[in-house]
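**Student:** when you get a sec, could you give me coordinates for this:
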Amino acid sequence: MADRRIDILMYHSISERGGATAIGPEVFAMQMEVLAASGVPVLTLDDLAEGRIRVPRAVVLTFDDGFQDFAETAWPLLKRHGFPAMVYLPTDYLGSVEGWRGIASPPRPLMDWDTVHDLAAAGCGFGSHTLSHPALTSLSEPELDREVTQSRQILEARLARPVRHIAPPYGLADARVRAAIGRAGYATSVSTRLASATPNSNLLDLPRIEMFYFADRHRWSDHLAGRGRGYMLRRRALRAARARLLSPWAGL
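**Tutor:** Take a look at the predicted model:
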């Protein structure tokens, strides 16, 4: 059915650090509570990639950057609800703090490899967020191939399992970047484009829903019930206008 809708939710830090890349723990708990009560199934990117999503509506949970607060705050709640999750890791920064464009002040700590191993053993999914979190569209061909290929190789060697999913930093991926991602063997690549995915979506250019926009319980509940189309359209228009007025980085 082409009318199936898959909401790939995008999170970063689950903390009170503020800004668009942080969701407060109480808000995150509310979002998971409302999601659980909605009855909308929470599935995985493997389900999507393999065409196993047969329900009209589904949700996939994704977390960029691998912040330590995922392990401390998000994962216990996900386990309580029985929700799977995909965490995208910038491998050069594990065990350290964020050090790329647009970071918080002071920088937020990332998980170390021991924590990643423990979470993987507990059922958490992991994907690549490249080696060093660059804007992939700005790189030369050799640099681009290194970022997407070596990060996958490192994760597979460390976790002893296939790594099939990637999130290009800042959501920046053009045709050249997507071609490199395909060469590297990934099954899916997600963006920051605000929309729901469908079975007809390009698996190497999947849209996501930034959960910063759904901090209100009623708005999130309405969205899950299929009543949030107008709000999504308004947010998408505002993001597009902001990106045109400010810079290519706006709204990411």
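
**Student:** which stretches of the stretch 101-250 of the chain aren't confidently modelled?
**Tutor:** Counting by pLDDT under 70, the low-confidence segments of the stretch 101-250 of the chain come to 243-250.

**Student:** mind redoing it with 90?
**Tutor:** 102-104, 199, 227-250 (pLDDT under 90).

**Student:** which parts of it are strands?
**Tutor:** Here the stretch 101-250 of the chain has its strands, by DSSP state E, counting those that start in this stretch, at 125-128, 165-166, 188-194, 206-210.

**Student:** and the ones you listed, which is most packed in?
**Tutor:** Per residue and on average, the most neighbours among these fall to strand 165-166, with a mean of 27 (mean count of other CB atoms under 10 Å). Heads up, the C-betas are built off the backbone N, CA and C, glycines and all.

**Student:** helices or strands up against that strand?
**Tutor:** Under the contact criterion of 3 or more CB pairs under 8 Å, 6 or more residues apart in numbering; DSSP states H and E, strand 165-166 touches strand 86-89, strand 125-128, helix 141-159, strand 188-194.

**Student:** may I see those organised as a markdown table, with distance to Arg4 added?
**Tutor:** Rendered in a markdown table, the data for the helices and strands packed on strand 165-166 read as follows (distance: least, CB to CB, whole Å):
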| stretch | distance to Arg4 |
| --- | --- |
| strand 86-89 | 19 |
| strand 125-128 | 21 |
| helix 141-159 | 29 |
| strand 188-194 | 16 |
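
**Student:** and these: which comes nearest Asp114?
**Tutor:** Asp114 sits nearest to helix 141-159 of all the helices and strands packed on strand 165-166, at 10.7 Å, using CB to CB.
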